[in-house]
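> Okay, here's the prediction I keep looking at, along with the sequence it came from:
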Amino acid sequence: MTITKTTQQFFAGLCAILFASLTFAAVNTVPNYGYPIKDRFAATVVGTPEEYRAKLPDDVPFKGRSITIFPERVTPDVFFYGHELLYSVALQDKEAPLIFLIAGTGASHNGAKNTDMAKAFYQAGFHVVSISSPTYNNFVIAASKTGVVGHAERDAEDIYHVFEMIWAELKNEITATSFNVTGYSLGAFNAAFVSKLDEERKSFNFKRVLLINPPVSLYNSISLLDRMTQDIPGGVNNFDKFVDKLMRAYTTTLESTSYKDTADAGGDDFLYKTYKALHLKDEELAALIGTSFRVSSASLVFTSDVMADYGYIKPKGMVLNRYSDLRLYNDVSLRLGFTDYYHEFFYPYYKSEYPDMTRDEFIHSMSLTSIEDYLKSAKKITMMGNVDDVILEPGEIDFFPRVFGDRATIYPYGGHCGNMSYTDNVAHMVAAFTEGTM
Amino acid sequence: MMKSVLSLFSIPVLALALGACSSGPQPQQQASDYPEPIFTAKRLLPPEQEDLDDLTAVYDPWEGMNRHIYNFNYHFDQAVFLPVVRGYETVVPSVGRKGIDNFFNNFVDMLTVMNSALQLRTGKFLQSTSRVLVNSTIGLFGLIDVASAMDIPRPVESFGDTLGHYGVGQGPYLVIPFLGPSNLRDGLGLLPDVAVQSSIKSAVLSQPLNLTTTVLFPIDTRANTSFRYYENGSAFEYQMVRWLYSTKRKLDVKQ
């Protein structure tokens, strides 16, 4: 990547961020909102401090399971561990409504956010079935039909297929009084397309659907996230120095806190303390968000390349095994932007299926805008978002009140998914499925 | 810091496992035999540079052997360790498991006493000594962690840390059979730690109790380690774990 391109991207990112901070006032947001972190980047990184978190039970039987989605598939040896799709369930011992949870980009079925949601919905009387994001390594290997993920409709078909197969097993154990679906971030985007697909396929006839912090346009959001890695001081080549600095700060905080706190060193509360102790600047927080996304996308790009044998970063036809040195692919994929993948692998891969579609039309088809009419008419769908979401371009938040009307709830703070564990938000999530008749 | 499970396995077993795994690297396909991929490292290189910097570089000259042991550890974990842990969690109630964990932590604290002394670190020495004294007495032989309830911090110092303190580098990365990520320094450092711990245990515990703890120790350690192989979502798990481990150890020693 040339210096000029980098500089351009950096300024574009900076402008987007500065401009975004000027345009918050346009949307009506929830009044008297008590979530404590007002900085959008800090909220995204830190989440919800302990005393603000919804009280959730510890004894929820949230258990891991696995299922073979493609019995015929010969899994490449380098991914020998990923043949079966892993997912989690928390099942009631009597008949109950069932809710499917879809995790966000690069996140797993038993990640922190899905686990919290599972506890909340189980406590509210639901059977819970939680799946990883279609962008998660295990999903790409075990359950993606093409191996090339990030496609709105194809991902929805893969997810729907997974839901059907899981339900075919579960229906021998439990009775579901209704089917519902929710997801956060990319998982919310997936949920919208899954709901639309269900109108044709009708396997579930979803009763309610909730979208939590969805992106509007995938391409806009990944562009924003790509630009954030430019905030790494010295660029991505200084990735190791940057992470080293953060980890040093992190362990310093670890040493200065008492033993009880260190027991939960990865938890939101600990991150909040670290954040308060460090006085991180917004650019550093943005770099951290960008880095975290980059680590996910690096893994995704490599996994897709191997599964489809496209020859993007791995030479086409070359077979890797479980002992292969992957250093080169790790180093290359950590440096390439998700937008590079989008233009050079993802778009060309699907291009043959849509010969008449221009690149812009293709990008448009990967957005909620492309199914706007459906979203307007589908009264079963509600959404919750934050006006200061860092993965939305300036003005994109307006899409939700315009399309969903009073089915959209916009919070004044929270960044991207930072407020998901906050008391009010958890109550809102549950109410979205329980208010009215169940 | 990972507790040592080595006491369970005699040296011959270790040698066998290492021998079985060090049969040399598999014949690897060469990237140069294939058409160049679309996105190559060349595209990322600044003009004056010949090779891409390794973003997650760790000195790993024994990578071939290490990867085989890593793979062995995964299969052992799936086939033996995790099923045993699940059984343990079914049979022993959580309050009992907590007591057992505290009991073993007390022995680890004793090693911290020794290693803090060797490093002349007064603060950590006093903290770990108070912990051992309080927990071994009021805490009923370590079964109850009274010291943590009293907010006494819990530093952990191994002989690997002591070596590091006196300037010994990590040396080559090393994946130890059954145990997982380590390096030559920490791996060798396990030997005095394990020797000291075993002699304390045989001095204070009766023969049957000592035997029981030898069986329970690895189970307790695994039950309290949340790591699951190939469930972190990374396609580059070996590199990631290697880098995280060595970065953490670098910082541990500097603290």
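Arrived safely, thanks for sending.
> helices and strands around the lengthiest helix in chain A, which ones?
Looking across chain A with DSSP state H, the single longest helix is helix A:282-308. Here helix A:282-308 is seen to pack against helix A:40-46, helix A:137-143, helix A:218-229, helix A:239-256, helix A:327-335, helix A:338-341 when contacts are counted using 3 or more C-beta pairs under 8 Å, 6 or more residues apart in numbering or on different chains; DSSP states H and E. Any C-beta I mention is one placed from the backbone N, CA and C, and that applies to glycine too.
> report the angle between the axes of the fifth one and helix A:282-308?
Helix A:327-335 runs at 130 degrees relative to helix A:282-308, counting by axes from the mean of the first three to the mean of the last three C-alpha atoms, to 10 degrees.
> Is residue A:412 in contact with residue A:388, as I believe?
Yes: assessed by C-beta atoms under 8 Å, residue A:412 is found in contact with residue A:388 at 7.4 Å.
> What residue in chain B comes nearest to chain A?
Proximity of chain B to chain A (C-beta to the nearest C-beta) peaks at residue B:34, 3.4 Å away.
> For burial, what's the neighbour tally of that residue?
Residue B:34: 15 surrounding residues under other C-beta atoms under 10 Å in any protein chain shown.
> Now do the same contact list for the residue in the stretch 51-200 of chain A positioned nearest to chain B.
Residue of the stretch 51-200 of chain A nearest chain B, by C-beta to the nearest C-beta: residue A:81 (3.9 Å). Contact criterion C-beta atoms under 8 Å, 6 or more residues apart in numbering or on different chains gives B:74, B:229, B:230 as the residues in contact with residue A:81.
> For it, which three-state class applies?
Secondary structure for residue A:81, judged by DSSP: H, G, I helix; E, B strand; the rest coil, is helix.
> roughly how far apart are it and residue B:107?
According to C-beta to C-beta, to the nearest Å, residue A:81 stands 34 Å off from residue B:107.
> what number of residues lie near the spatially closest residue to residue A:293 that is not a sequence neighbour?
Nearest in space to residue A:293, with sequence neighbours left out and distances taken as C-beta to C-beta, 6 or more residues apart in numbering or on different chains, is residue A:225 at 4.4 Å. Summarising burial for residue A:225: neighbours were counted as other C-beta under 10 Å, giving 27.
> And the contacts of the helix or strand containing residue B:198?
Under DSSP states H and E, the secondary-structure element containing residue B:198 is helix B:184-204. The contact list for helix B:184-204 (C-beta under 8 Å, 6+ apart) reads B:4, B:6-7, B:107, B:110-111, B:114-115, B:158-164, B:168-172, B:174, B:176, B:182, B:210, B:213, B:249.
> and after that helix, which helix or strand comes next?
Read in the C-terminal direction, the helix or strand following helix B:184-204 is helix B:207-223, with elements assigned using DSSP H and E.
> which parts of that next one are buried?
Going by neighbour count (16 or more other C-beta atoms under 10 Å in any protein chain shown), the buried part of helix B:207-223 is B:213, B:216, B:217, B:218, B:219, B:220, B:221, B:222, B:223.
> go on, stretch A:108-116?
In terms of neighbour count (16+ other C-beta under 10 Å), stretch A:108-116 has its buried residues at A:108, A:109, A:110, A:111, A:113, A:114, A:115, A:116.
> Okay, and the beta partners of residue A:411?
With DSSP bridges applied, residue A:411 shows beta-bridge pairing to residue A:386.
> show me what contacts it?
Neighbour list for residue A:411: A:29, A:30, A:33, A:35, A:384, A:385, A:386, A:387, A:419, A:425 [criterion: C-beta under 8 Å, 6+ apart].
> try it again with 6 Å
Residue A:411 sits next to A:30, A:33, A:386 when contact means C-beta atoms under 6 Å, 6 or more residues apart in numbering or on different chains.
> Go through those residues and name the one nearest chain B.
Distances from the contacts of residue A:411 to chain B were compared by C-beta to the nearest C-beta; the smallest belongs to residue A:386, at 24.6 Å.
> follow-up on the earlier one: how about the residue of chain B closest to chain A: what's its closest non-neighbour residue?
Leaving aside its sequence neighbours, residue B:34 sits nearest to residue A:315 (C-beta to C-beta, 6+ apart; 3.4 Å).
> try residue A:401
residue A:408 (5.0 Å).
> Check what pLDDT the one you found gets.
Taken from the predicted model, the pLDDT recorded for residue A:408 is 95.
> any idea how far the spatially closest residue to residue A:216 that is not a sequence neighbour lies from residue B:248?
When the adjacent residues along the chain are set aside, residue A:216 lies closest to residue A:396, with 4.5 Å between them (C-beta to C-beta, 6+ apart). Between residue A:396 and residue B:248 the distance is 39 Å, computed by C-beta to C-beta.
> and if you look at residue A:287?
Counting by C-beta to C-beta, the gap from residue A:287 to residue B:248 is 21 Å.
> Counting neighbours around each, name which of the two comes out higher.
More neighbours sit around residue A:287 than around the other of residue A:287 and residue B:248, counting by other C-beta under 10 Å; the figures are 25 against 14.
> Could you give the bridge partners of residue A:87?
When bridges are called by DSSP bridges, residue A:87 pairs up with residue A:65, residue A:131.
> Test my guess that it contacts residue A:131.
Yes: taking C-beta atoms under 6 Å as the contact criterion, residue A:87 and residue A:131 are neighbours in contact, 4.9 Å apart.
> one step back: helices - which of the buried residues of stretch A:108-116 land there?
Secondary structure of these is defined by DSSP H; positions in helices are A:113, A:114, A:115, A:116.
> any chance of the contacts of residue A:411 in JSON lines, plus pLDDT and neighbour count?
Output for the contacts of residue A:411, formatted as JSON lines (pLDDT from 0 to 100; neighbours: other C-beta atoms under 10 Å in any protein chain shown):
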{"residue": "A:30", "pLDDT": "86", "neighbour count": "17"}
{"residue": "A:33", "pLDDT": "91", "neighbour count": "15"}
{"residue": "A:386", "pLDDT": "96", "neighbour count": "30"}
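> Closest residue of chain A to chain B?
Using C-beta to the nearest C-beta, the point where chain A gets nearest to chain B is residue A:315, with a distance of 3.4 Å.
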